[in-house]
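# A predicted structure for the sequence below; I have some questions about it.
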Amino acid sequence: MYSLILQERSRISKLLCNLILTRSMGGGPRTFPGGVNKWKWKRMHEKRAREKENRLLEQEKEIYEARIRSQIREKLAGKPVASYDTNPSSASHNPMSPQEHIKSLANRFMKEGAEDLWNEDDGPLKSPPSGLNESRGLVRPSGRAGSIGSPINMRKLISEGRSLASGQDNVSLTNTSSNFVKPRNYSVQIRRRFQRNESSSNEDDSDSGSGGDSVKSFGRNIVSTRGNMSNRNVNDYIKNAKVPGLKQRKYWRNENSSDSDSDYELSQPSANDSRRPMFSLGGEEVSEEDEDLRKRGRDVKKMGSSASLGKYDVKATKRRVLRKLHDEEIVLSEQVELIRHELSKRKLVENEELKGEEETIITQRRFDECGISPLTIKALSSAGYFYMTRVQEASLSVCLEGSDALVKAKTGTGKSAAFLLPAIESVLKATSNTAVQRVPPIFVLILCPTRELASQIAAEARVLLKYHDGIGVQTLVGGTRFKVDQKRLESDPCQILVATPGRLLDHIENKSALSVRLMGLKMLVLDEADHLLDLGFRKDVEKIVDCLPRKRQSLLFSATIPKEVRRVSQLVLKREHTFVDTVGLGCVETHAKVKQRYLVAPHEFHFQIVHHILKEHILQAPNYKVIVFCTSGMVTSLMYMLLREMKMNVREIHSRKPQIYRTRISDEFKDSKQLILVSSDVSARGMNYPDVTLVIQAGIPSDREQYIHRLGRTGREGKEGEGILLIAPWEEYFLDEIKDLPIEKSPVPDINPHTKLKVENSISKIDTNIKEAAYHAWLGYYNSIREIGRDKTTLAELASQFSQSIGLQRPPALFRKTALKMGLKDIPGIRIRK
Ligand SMILES: Nc1ncnc2c1ncn2[C@@H]1O[C@H](COP(=O)(O)OP(=O)(O)OP(=O)(O)O)[C@@H](O)[C@H]1O
């Protein structure tokens, strides 16, 4: 379904681009008639288009009214009502039944939100309760409004239509509507268009017979010129919508003539086409001249509809010459506007759908329905996985087929299992096809950015492999001795390897046995793909990919996939890969259940504010579990020491800590409650710490993506969560990067003097070396952020303020080499070591 949406969306955007391109490639004049500029010209025509729509609407109403009157006349003259003949030639001259009118009107006007189509002449917005019966009278000769000259109260008629459509009168509507004669002369394409319309809406019309549908379609076809084409093929739309009347004529002409010039002329309509003029009212001839339109509308009102006049309807039978479009720009801007309108409408609908679906991440689809090994299903059941999550449902079939895929799904929605399940299948398939070897080839390689994440993925793989004897999974990450890795891989061979790029590359470049084992690779997975294809990792990843067999399946997963990454993903993926996006283009990439706030306060107050927030949160959530993200390893360390000094239950994790310590802390935090983890970005991506209640980001993240991933440590598996971003006033520019996310400003809390003093005391107790290291790390981090790092003088000033805020007398000195590298040599405020 997602791929269908994607295809459709890309098709629409292509069409839009084509239109814009066609326009721009033509060069086009810079000024337009009357000396107006392009935008003024465009706005003018947009206004015209809107006016045209309103006119058409008015005219449509008038025609309906006229038909109702003719119906009443017929009735008064004693002719049978709605005795339709299925023969189009005769039936088309008969009046429509009042119920048909109501239904047709209802199609257009009675839908929720259609009130904006109404105008003052349509009667009061809310019909009085007694009005229903009266409005019935409108369409029945016995009623008060049956008198021909009385104005028709459209609102009453519509509210009547509502009750009819839902009430017992449905039956009669069905009966009569089924006799409606379809306009036969329309090509299959047009009919298809109607059919699409039929299925697109009015689900509430349970009474729709085939003829009734035609009536509905008829109404909707006209509506569609307003851009109401929710389920309609936009290609058709563009072809058809250019000038609807013109298009219809073209079809007739194609059937009867080869003269291209006469494309712009109406063919002589046959008797079968007698309803056609109504369609063409939605077309060009009605749109061309406003006054003419109005007049014609009034004429119809005066004379009765063409349906009642039958063969005497001169208007319907007269050969009308169409005026050529005097300015194609009108059409073009209308088209573009319509497509835009359609796109934004779809986006809204999708957003609404996704919002609804977001509440539950688990789908109705069971794992045993997707053709994976029964032993894996058994393992899934033991782990408590019975139904797929949305990303699993959307991507499993694609991945199991063997296609390359780029998969985007929100944080904590089960992406790991989504790639592990096809990975296991791939191993099963490969082992059954390959002769037993002493050292088995590595069939699946999973790359991820951090050591903890590699361990987590390997652990999840082991859970899924519980009943698969003989299939092993190993990790290859930094922080361990190279030789130890080699021995482990030899003594405990595996078919699935989870690695961080740096360490894997070490092994490949050292020509260890691993390189040979990788020659049998069937599947490559990049978890946190956007990060791995980021500048920091890209070179390593490229080198690794160069050493892998070309004939393999590649899967890229992440919660964020920026456009640049989509482009560079071609480094890994085949050109004909599938993009599975369960978030949706332009949709919010964070979870609705995660409340996001931001606070702006000078840096010197950040420690106090973090302490205050934590205290408040602990009071509110007794089972608290908080992650505080800091900008770098050493700042993390400083924050940890401060909070520890202030007697909070806190742990730290960052790259400066030995791996064994990191693993212990990570495991402890996974299983614990009432604990605060102060972390650098090593925990930002992929880490699945269950039930995190709050994520605090102290200082701006490196980019928007990192913000989303850090925040994604809370609110996993559809649970609730909270995120707070704490920034200094000069970091506020970052808010622009996340302006599409539902983040709200929070007031800076009042810190009581007692807490202030406590924090200052605690800071003073922290070792100066840690503070100095924190200053260097702080400077390094912000220097690497383009927006801040380019103004070195300001950066140095801000760094000085930071050093003061952590109790340093003056900014610590930098090594000359470091200062040079950072472009900070000779910058005022930056001290260089002698
Ligand atoms: N089908 C399922 N049924 C129940 N729970 C599931 C299912 N699939 C995954 N989970 C659970 O969902 C949680 C999140 O899964 P996972 O860590 O794979 O998320 P993710 O999408 O990779 O997140 P991130 O973007 O942060 O990496 C895990 O606790 C996992 O056990």
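Great, that's in hand.
# next one: residue 675 from residue 453, what distance?
Using C-beta to C-beta, to the nearest Å, residue 675 is found at 20 Å from residue 453. Using the backbone N, CA and C atoms, a C-beta is placed for each residue, glycine as well.
# the more surrounded of these two?
Neighbour count, other C-beta atoms under 10 Å: between residue 675 and residue 453, residue 453 has more, with 26 against 19.
# surely the more buried one is within a strand?
No. Applying DSSP: H, G, I helix; E, B strand; the rest coil, one finds residue 453 to be helix, outside a strand.
# all numbers from here: first residue = 46
With the count now opening at 46, the last piece we talked about shows up as residue 498.
# for the closest residue to it other than its chain neighbours, helix, strand, or coil?
Excluding the flanking residues, the one nearest residue 498 by C-beta to C-beta, 6 or more residues apart in numbering is residue 731, at 4.1 Å. Following three-state DSSP, the label given to residue 731 is coil.
# residue 731 against residue 571, yeah?
No. Taking C-beta atoms under 8 Å as the definition, residue 731 is not a contact partner of residue 571, at 11.7 Å.
# what touches both of those two?
By C-beta atoms under 8 Å, 6 or more residues apart in numbering, residue 731 and residue 571 have these common neighbours: residue 493.
# the more surrounded of the two?
Neighbours were tallied for residue 731 and for residue 571 using other C-beta under 10 Å; the higher tally belongs to residue 571 (29 against 26).
# report the contact partners of the more buried one.
With C-beta under 8 Å, 6+ apart, residue 571 has these contacts: 492, 493, 577, 578, 586, 599, 600, 601, 602, 617.
# does the residue lying closest to the last one once chain neighbours are set aside sit in a helix, a strand or a coil?
Residue nearest to residue 617 in three dimensions, not counting chain neighbours: residue 599, with 5.0 Å by C-beta to C-beta, 6+ apart. The three-state assignment at residue 599 reads strand, by three-state DSSP.
# and residue 716, how many neighbours?
9.
# ok, now how distant is it from residue 734?
Per C-beta to C-beta, residue 716 is found 9 Å from residue 734.
# residue numbers of the stretch 396-545 of the chain in contact with the ligand?
407, 430, 433-434, 437, 454, 456-462 (C-beta under 6 Å from any ligand atom).
# for residue 710, see how far away residue 529 is.
Distance of residue 529 to residue 710, given as C-beta to C-beta: 21 Å.
# from residue 575, how far out is the residue nearest to residue 498?
For residue 731, the distance to residue 575 - C-beta to C-beta - is 12 Å.
# now neighbour count and secondary structure too, for the residues of the stretch 396-545 of the chain next to the ligand, in JSON lines please.
Below are these laid out as JSON lines (neighbours: other C-beta atoms under 10 Å; DSSP: H, G, I helix; E, B strand; the rest coil):
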{"residue": "407", "neighbour count": "17", "secondary structure": "strand"}
{"residue": "430", "neighbour count": "20", "secondary structure": "coil"}
{"residue": "433", "neighbour count": "25", "secondary structure": "strand"}
{"residue": "434", "neighbour count": "23", "secondary structure": "strand"}
{"residue": "437", "neighbour count": "28", "secondary structure": "helix"}
{"residue": "454", "neighbour count": "25", "secondary structure": "coil"}
{"residue": "456", "neighbour count": "24", "secondary structure": "coil"}
{"residue": "457", "neighbour count": "25", "secondary structure": "coil"}
{"residue": "458", "neighbour count": "24", "secondary structure": "coil"}
{"residue": "459", "neighbour count": "21", "secondary structure": "coil"}
{"residue": "460", "neighbour count": "24", "secondary structure": "helix"}
{"residue": "461", "neighbour count": "24", "secondary structure": "helix"}
{"residue": "462", "neighbour count": "22", "secondary structure": "helix"}
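# can I get those residues in CSV including distance to residue 563 and pLDDT?
Below are these laid out as CSV (distance: C-beta to C-beta, whole Å; pLDDT from 0 to 100):
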residue, distance to residue 563, pLDDT
407, 36, 92
430, 30, 95
433, 30, 97
434, 30, 96
437, 27, 97
454, 28, 96
456, 30, 97
457, 31, 96
458, 30, 96
459, 28, 97
460, 24, 97
461, 22, 98
462, 24, 97
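# residue 438 against residue 411, yeah?
No. Between residue 438 and residue 411 there is no contact under C-beta under 8 Å: 10.0 Å.
# compare neighbour counts for the two and give me the winner.
Per other C-beta under 10 Å, whichever of residue 438 and residue 411 has more neighbours is residue 438, with 22 against 14.
# restrict the stretch of helix or strand that one belongs to to CA atoms and write it as PDB.
For residue 438, the element it lies in under DSSP states H and E is helix 435-446. Provided in PDB are the C-alpha atoms of helix 435-446 (Å, rounded to 0.1, in the frame of the first residue of the first chain):
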ATOM      1  CA  ARG A 435       3.700  -1.500  10.400                       C
ATOM      2  CA  VAL A 436       7.300  -1.400   9.100                       C
ATOM      3  CA  GLN A 437       7.500  -5.100   9.200                       C
ATOM      4  CA  GLU A 438       4.200  -5.500   7.300                       C
ATOM      5  CA  ALA A 439       5.300  -2.900   4.700                       C
ATOM      6  CA  SER A 440       8.800  -4.200   4.100                       C
ATOM      7  CA  LEU A 441       8.900  -7.900   4.700                       C
ATOM      8  CA  SER A 442       7.400  -9.000   1.400                       C
ATOM      9  CA  VAL A 443       9.800  -6.700  -0.500                       C
ATOM     10  CA  CYS A 444      12.800  -7.900   1.400                       C
ATOM     11  CA  LEU A 445      11.800 -11.600   1.300                       C
ATOM     12  CA  GLU A 446      11.400 -11.300  -2.500                       C
END
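# re the thing from before, tell me the one among the contacts of residue 571 nearest to residue 420.
Nearest to residue 420, judged by C-beta to C-beta, of these is residue 600 at 21.6 Å.
# let me see the contact set for residue 711.
497, 500, 698, 728, 732.
# state the pLDDT value of the second one.
I take that to be residue 500. Looking at residue 500, its pLDDT is 96.
# low-confidence regions, the chain specifically.
Scanning the chain for pLDDT under 70 picks out 46-79, 81, 105, 109, 115, 117-378, 389-404.
# which bits of it sit near the ligand?
Proximity of the chain to the ligand (C-beta under 6 Å from any ligand atom) is limited to residues 407, 430, 433-434, 437, 454, 456-462, 604, 731, 733, 757, 761-762.
# hang on, the earlier thing: so which of the contacts of residue 571 comes closest to the ligand?
residue 602 (7.1 Å; C-beta to the nearest ligand atom).
# what bridges to that closest one?
Judged by DSSP bridges, the bridge partners of residue 602 are residue 452, residue 572.
# identify the residues contacting it.
Residue 602 makes contact with 452, 453, 454, 460, 463, 464, 570, 571, 572, 573, 574 under the criterion C-beta under 8 Å, 6+ apart.
# endpoints of stretch 581-599, how far apart?
21 Å (C-alpha to C-alpha, to the nearest Å).
# next, the buried residues of it.
Neighbour counts over stretch 581-599 (16 or more other C-beta atoms under 10 Å) mark 582, 583, 585, 586, 589, 590, 593, 597, 598, 599 as buried.
# run through who's touching the helix holding residue 438.
Contacts of helix 435-446 (C-beta under 8 Å, 6+ apart): 46-48, 402, 406-408, 410, 415-417, 433, 450, 452, 454, 458-460, 462-464, 466-467, 470, 598, 600, 623, 625, 627.
# list the contacts of stretch 679-692.
The contact list for stretch 679-692, computed with C-beta under 8 Å, 6+ apart, reads 652, 655-656, 659, 673, 675, 695-699, 701, 721, 723-725, 743-744, 803-804, 807-808, 810-812, 815-816, 818-819, 821-823, 826, 851.
# next, the buried residues of it.
In stretch 679-692, counting by 16+ other C-beta under 10 Å, buried: 679-691.
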